[in-house]
Structures are given as structure tokens and as C-alpha cells.
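Student: Sequence first, predicted coordinates after that:
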Amino acid sequence: MATVRRDGKWTLEKDQEGVYAVCERGDLRARIITDDYEPQGILDDVTSNVMTETIEVRSFKDAEQEFQNYIEKAESSGFSLF
């Protein structure tokens, strides 16, 4: 994975084309999927993981905005682990 954005302990990392991981101190918290993502079938491991929140957006620009929204929501609700 390559880090494309960082905000304190939070990172937005590119998993594959159209799939970005929202991580807190390296731990996966959510995935953001853009229209660039091509599903790999019915048992797609990216979208079928029910333990990880999946956020769908249109573009990378929207993914960056959702990344910021996710951080604000997590930190204001006390969801952040540290």
C-alpha cells in the first residue's frame, strides 16, 4: 500500500486502483471505493468484508473528502483508539 494522505495518526492508503484504506496508526478502520474500482466477482474480498466499513464515492477527490469526514467523526465520537 502507498500512503496518499496523512493527517496526524491517520493515513489514506491506496490498496489498488479505486480502493483506499483509512488507517489509524496502521490499523484498518474503513475502506473507500471509487468508480475506478473494478470488482473481481461475487466473492470480492474488498466489498465482502463485513467487519470493515465500506464507503463508496465517485472520485479520488471525493475519497479525500470522505477521509477527512471519517477522521472528524471518529475523533468527535471517541471512536479513535488512542
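Tutor: Everything's here; your move.

Student: what sits up against stretch 26-43?
Tutor: 11-12, 15-23, 46-47, 49, 52-60, 62-63, 66-67, 70, 74, 81 (Cβ atoms under 8 Å, 6 or more residues apart in numbering). To be clear about C-beta, it is placed using only N, CA and C from the backbone, and glycine gets the same treatment.

Student: which residues touch stretch 7-15?
Tutor: Here stretch 7-15 makes contact (Cβ under 8 Å, 6+ apart) with 1-6, 20-26, 31-32, 46, 63-64, 67-68, 71, 80, 82.

Student: If we ignore the residues flanking it in sequence, what's nearest residue 65?
Tutor: Spatial nearest neighbour of residue 65, excluding adjacent residues (Cβ to Cβ, 6 or more residues apart in numbering): residue 57 at 7.9 Å.

Student: tell me the contacts of that neighbour?
Tutor: Applying Cβ under 8 Å, 6+ apart to residue 57 gives the contacts 32, 33, 34, 35, 63, 65, 66.

Student: Export those as JSON lines, with columns for secondary structure, neighbour count and pLDDT.
Tutor: Output for these, formatted as JSON lines (DSSP: H, G, I helix; E, B strand; the rest coil; neighbours: other Cβ atoms under 10 Å; pLDDT from 0 to 100):
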{"residue": "32", "secondary structure": "strand", "neighbour count": "25", "pLDDT": "97"}
{"residue": "33", "secondary structure": "strand", "neighbour count": "18", "pLDDT": "95"}
{"residue": "34", "secondary structure": "coil", "neighbour count": "19", "pLDDT": "97"}
{"residue": "35", "secondary structure": "coil", "neighbour count": "12", "pLDDT": "96"}
{"residue": "63", "secondary structure": "helix", "neighbour count": "24", "pLDDT": "97"}
{"residue": "65", "secondary structure": "helix", "neighbour count": "13", "pLDDT": "97"}
{"residue": "66", "secondary structure": "helix", "neighbour count": "19", "pLDDT": "98"}
